[in-house]
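*Asks:* dropping the sequence and predicted coords here.
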Amino acid sequence: MKTNKYKATIIILIASFASMAQTQQFTTAGVHTFTAPEGVLSVKAEAIGAGGGGGRVRGSSARESGGGGGGAYAKGIVNVVAGNTYTIGVGAAGVQNDNTAQHGGNSYFGSASSSDASLAVRAEGGKTLILSDGSNGTGAPGGKAANSVGNRATYDGGNGGNTSSNDYGGGGGGAAGSNGAGGNGGQGTAGMGTASFGGNGGAGGVSGGDDDGVEGYNYGGGGGGARKSFSGTTVNRFGASGAIGMVIVSWSTISGFTPAAVCAGSGEVITVTGTNFTLIDSVTINGTSVPFTAIDDTQFSFVVPAGVTSGAIIAYTENGSSVALNALEVYDYTVAVTLSGATLTANYTGGNGATYQWKNCVTGTTINGAVGAIYTPVQNGLYAIEVTENGCIAASECITVASLDIASLTENALTVYPNPASATCTIQTHGIIAREVLLTDVNGKEMNRVIPAGVVSEVSLENVNAGIYFIQINTGDGTYIKRLSVIK
C-alpha cells in the first residue's frame with residue numbers, strides 16, 4: 001500500500017482570547033487569590049519569605065543586638081485548572097515588639113495556610129531577635145530551604161549579622177532570590193539580597209551612637225539590629241523591622257496556530273503564537289512529543305511527524321504549560337486497491353466527501369470518466385487511484401490487470417480498417433460517441449490524436465514506423481481499444 005499525501009490548500013484558524021499579562025506579582029502582606037486563565041494547565045509560582053526584624057537593646061550600658069534573618073526563596077511548577085481560584089499568602093515583615101518576636105511571615109501559593117503540608121510552593125520567612133541585655137549578640141537565622149517547598153528550587157535566606165562588644169548592631173540578612181541564597185549580615189553591614197527579587201538586609205546600628213538600625217529592603221531583607229551607647233540611663237533602642245515577602249505567578253499562553261489542519265507526511269510547518277515561549281522545554285500533540293523550533297518569546301514552530309494524530313497542542317515551558325483552545329487536525333488518509341477478475345476496487349479510509357480519479361500508470365495520465373471507487377479497465381495494464389479529501393491526496397500502488405480479452409470488450413463497439421494498414425486507417429464506432437481517438441505504441445506513447453467529427457474518423461500513419469500499435473477511443477464514460485498492425 002502506498003500513501004502519498006500532500007496539502008492542496010491551506011486552512012487557517014486562529015483561536016484567540018482576551019489579552020492579559022502573563023506575570024502577576026503579589027506584594028501586599030496578607031492573603032490573596034489567583035484565578036487560572038483559560039488554556040493554562042500549570043503556572044510557575046515563586047515566593048520570597050518576609051525578612052525578620054533586628055533585635056533591640058536596653059539597659060544603662062552600651063549594648064548591640066544582632067540583625068534579623070533574610071527570607072528564603074522557593075520556586076515550583078504547579079498544576080492548575082482554568083477558571084479555578086488559588087490562595088496566595090504574602091508574608092508580613094518581622095518585627096520585635098517589647099518581649100515578643102514576630103518572625104518574618106512565610107509566603108506561599110496554593111493553600112489557605114502557610115503551614116499546610118500540601119502546599120506546592122512555600123518560602124520560609126527570616127527569624128526576628130527579641131532583645132539583647134549585653135554585647136556579643138548573635139544574629140537571627142534566615143529562612144531555610146529545608147523548611148520551604150518548591151519542586152524547582154529552594155534557597156536559604158541570609159542570617160542576620162552578629163555583634164561584638166561596644167561595636168555596631170548586626171546587619172540584616174539578605175533575602176534569597178531565583179539566582180541563589182541570600183548573603184549573611186555582618187557587624188553593621190547588611191547582607192546582600194540575590195536577584196531576582198531578593199532584597200538587601202538593613203544595616204545595623206552605628207558604632208558609638210544610639211541607633212535603631214535600618215529596615216530590610218524589599219523583598220524579604222532582614223532588619224538591622226539596634227546599637228545603644230553608654231548613657232547612664234535605661235533608654236532602649238529598637239531594632240529595625242524586616243521587609244515584606246512576595247509571590248510571583250507566571251504562565252505561558254497559546255493564542256493560536258496556523259495552518260489549523262495538515263495532511264500527514266506533508267512536511268508543512270505549523271507556527272504557534274502566544275506568550276512566554278522563550279524558555280520552552282517541549283511540545284506535544286495529542287500526548288506525543290514532537291521536535292520544535294523556538295523562534296522568540298511569542299512563537300515556535302514544528303512539523304507533524306509520521307504517526308502523530310489529531311489532538312491538542314501543549315507547550316511546556318519554564319513558566320508552566322498551556323494548551324491551544326482548538327485541536328490541530330491531522331488528515332491521515334490511505335487507499336489500497338483490490339482486484340477481482342478485471343475489476344479494481346478502492347478501499348479508502350477517509351470520509352464520504354472524497355473524490356476519486358483512476359490513472360494509467362504506464363502513461364501517467366488520468367482516465368477520463370473513471371471517477372468512482374470501482375473501475376473495470378478496457379485493456380490490460382497498470383492502474384492506480386488517487387483519492388482527494390480536505391485538500392489531501394492519498395494514492396494507491398499500481399495494480400496489474402492482465403486478464404482482459406480486449407477483443408471481446410470492443411468487438412461490437414469499434415471497427416478499425418484496413419488492419420494491417422500503411423498510410424491511413426479508418427475508425428468507425430457503433431453505439432458509442434467518441435470524444436477523441438488516440439494512436440499509441442505498445443509502451444503507451446501517443447503517436448497521433450484525432451477529434452472525431454462523427455462516427456467515422458481517419459488517422460494518418462505517415463510518420464509511424466512499422467509495428468504493433470493500439471487505437472484507443474475515449475468516450476467520457478469509458479475507453480475502448482483495438483490492436484492495429486502498421487506495415488510499410
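*Replies:* Now that the structure is in, tell me what you want to look at. Worth saying up front: this structure is predicted, and the values here are computed from it rather than measured.
*Asks:* sec struct for Gly476, please.
*Replies:* coil (DSSP: H, G, I helix; E, B strand; the rest coil).
*Asks:* count the neighbours of the residue lying closest to it once chain neighbours are set aside for me.
*Replies:* What sits nearest to Gly476 in space, not counting adjacent residues and going by C-beta to C-beta, 6 or more residues apart in numbering, is Gly369, at 5.0 Å. (Glycine included, C-beta is placed from N, CA and C.) Gly369 has 15 neighbouring residues, counting by other C-beta atoms under 10 Å.
*Asks:* can I have stretch 160-172 written out in CSV, keeping just the CAs?
*Replies:* Taking Å, rounded to 0.1, in the frame of the first residue of the first chain, the C-alpha atoms of stretch 160-172 are listed here in CSV:
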residue,chain,number,x,y,z
GLY,A,160,21.4,38.3,60.5
GLY,A,161,24.8,39.7,61.4
ASN,A,162,26.4,39.1,64.8
THR,A,163,27.8,41.8,67.1
SER,A,164,30.8,42.3,69.4
SER,A,165,31.4,44.5,72.4
ASN,A,166,30.8,48.2,72.0
ASP,A,167,30.5,47.9,68.2
TYR,A,168,27.9,48.1,65.5
GLY,A,169,24.5,46.4,65.6
GLY,A,170,24.3,43.3,63.4
GLY,A,171,23.2,43.9,59.8
GLY,A,172,20.1,42.1,58.5
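*Asks:* returning to that earlier point: how far away is the residue nearest to Gly476 from Tyr480?
*Replies:* 12 Å (C-beta to C-beta, to the nearest Å).
*Asks:* now do Gln428
*Replies:* For Gln428, the distance to Tyr480 - C-beta to C-beta - is 12 Å.
*Asks:* quick one, which of these two is more surrounded?
*Replies:* Tyr480 (22 against 14).
*Asks:* the helix or strand harbouring the more buried one - contacts with which helices or strands?
*Replies:* Assigned by DSSP states H and E, Tyr480 belongs to strand 479-486. With contacts defined as 3 or more C-beta pairs under 8 Å, 6 or more residues apart in numbering; DSSP states H and E, the packing partners of strand 479-486 are helix 406-410, strand 414-417, strand 467-474.
*Asks:* tell me which of those sits most buried.
*Replies:* Across the helices and strands packed on strand 479-486, averaging neighbours per residue (mean count of other C-beta atoms under 10 Å) puts strand 467-474 on top, at a mean of 19.
*Asks:* which residues does the residue most central in space within the chain bridge with?
*Replies:* Nearest to the mean C-alpha position of the chain, by C-alpha atoms, centre = their mean, lies Ala315 at 2.3 Å. Ala315 forms beta bridges with Val283, Ser322, as assigned by DSSP bridges.
*Asks:* quick check, pLDDT for it.
*Replies:* Ala315 is assigned a pLDDT of 98 by the prediction.
*Asks:* show me what contacts it?
*Replies:* Ser252, Ile254, Val272, Gly274, Phe277, Ile280, Ser282, Val283, Phe300, Ser321, Ser322 (C-beta atoms under 8 Å, 6 or more residues apart in numbering).
*Asks:* need phi/psi at the first one.
*Replies:* Dihedral pair for Ser252: phi -110, psi 160, per degrees, to the nearest 10.
*Asks:* returning to that earlier point: overlap of the contact sets of Gln428 and Tyr480?
*Replies:* Shared contacts of Gln428 and Tyr480 (C-beta under 8 Å, 6+ apart): Leu414.
*Asks:* for the stretch 351-488 of the chain, which segments count as strands?
*Replies:* Secondary structure of the stretch 351-488 of the chain by DSSP state E, counting those that start in this stretch: the strands cover 355-360, 365-366, 374-375, 381-389, 392-395, 399-401, 414-417, 424-429, 436-441, 446-450, 456-460, 467-474, 479-486.
*Asks:* show me what the third one pairs with in its sheet, parallel or antiparallel.
*Replies:* So the one you mean is strand 374-375. Paired with strand 374-375 in the same sheet, following DSSP bridges, are strand 343-348 (antiparallel).
*Asks:* so for the strand it pairs with, what gets flagged as buried?
*Replies:* Leu344, Ala346, Tyr348 (16 or more other C-beta atoms under 10 Å).
*Asks:* sort out which one of the residues you listed lies nearest Arg122 for me.
*Replies:* Tyr348 (58.0 Å; C-beta to C-beta).
*Asks:* okay, now the unreliable bits of this structure?
*Replies:* Across the chain, the ranges flagged by pLDDT under 70 are 1-21, 59-62, 98, 111-118, 131-136, 165-166, 230-235, 404-411, 477-478.
*Asks:* domain-wise, how is it divided?
*Replies:* The domain map for the chain lists 11-19+252-331, 23-251, 335-401, 406-486, with the assignment taken from automatic domain parsing.
*Asks:* please work out which of those is packed deepest.
*Replies:* Of these, domain 23-251 is the most buried (mean count of other C-beta under 10 Å), at a mean of 26.
*Asks:* that one: end-to-end distance?
*Replies:* End-to-end span of domain 23-251 (C-alpha to C-alpha, to the nearest Å): 7 Å.
*Asks:* same check on stretch 433-448?
*Replies:* Rule used - C-alpha to C-alpha; the end-to-end distance of stretch 433-448 is 19 Å.
*Asks:* could you do stretch 273-293 as well?
*Replies:* Stretch 273-293: ends 12 Å apart by C-alpha to C-alpha.
*Asks:* can you tell me what sits against it?
*Replies:* Outside stretch 273-293, the residues within contact range by C-beta under 8 Å, 6+ apart are 14, 22, 250-257, 272, 294-305, 307-319, 322, 327-328, 330.
*Asks:* just the strands in the stretch 201-350 of the chain please.
*Replies:* Counting by DSSP E, counting those that start in this stretch, the strands of the stretch 201-350 of the chain are 227-228, 246-250, 253-263, 269-275, 280-285, 288-290, 293-296, 299-303, 313-317, 320-323, 329-331, 335-340, 343-348.
*Asks:* sheet partners, orientation included, of the longest one?
*Replies:* For strand 253-263, the paired strands and their directions (DSSP bridges) read strand 11-13 (antiparallel), strand 269-275 (antiparallel), strand 329-331 (parallel).
*Asks:* dump the ones you listed to TSV, plus distance to Ala176.
*Replies:* TSV is the format used below for the strands paired with strand 253-263 (distance: least, C-beta to C-beta, whole Å):
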stretch	distance to Ala176
strand 11-13	45
strand 269-275	27
strand 329-331	46
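*Asks:* out of those strands, which is closest to Ile88?
*Replies:* strand 269-275 (21.1 Å).
*Asks:* and that closest one, how far out from the chain middle?
*Replies:* Distance of strand 269-275 from the chain centroid (C-alpha atoms, centre = their mean, to the nearest Å) equals 8 Å.
*Asks:* mind saving the C-alpha coords of the strand holding Tyr480 as CSV?
*Replies:* Extracted in CSV, the C-alpha atoms of strand 479-486 (Å, rounded to 0.1, in the frame of the first residue of the first chain):
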residue,chain,number,x,y,z
THR,A,479,-12.3,3.6,-23.1
TYR,A,480,-12.2,1.2,-26.0
ILE,A,481,-9.1,-0.2,-27.5
LYS,A,482,-8.2,-2.2,-30.6
ARG,A,483,-4.9,-3.5,-31.9
LEU,A,484,-3.5,-2.1,-35.2
SER,A,485,-0.7,-3.6,-37.3
VAL,A,486,1.2,-1.0,-39.3
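*Asks:* touching that strand from outside, list them.
*Replies:* 367-368, 377-379, 406-407, 409-410, 413-414, 416, 419-422, 425, 429, 432, 439, 461, 464-473.
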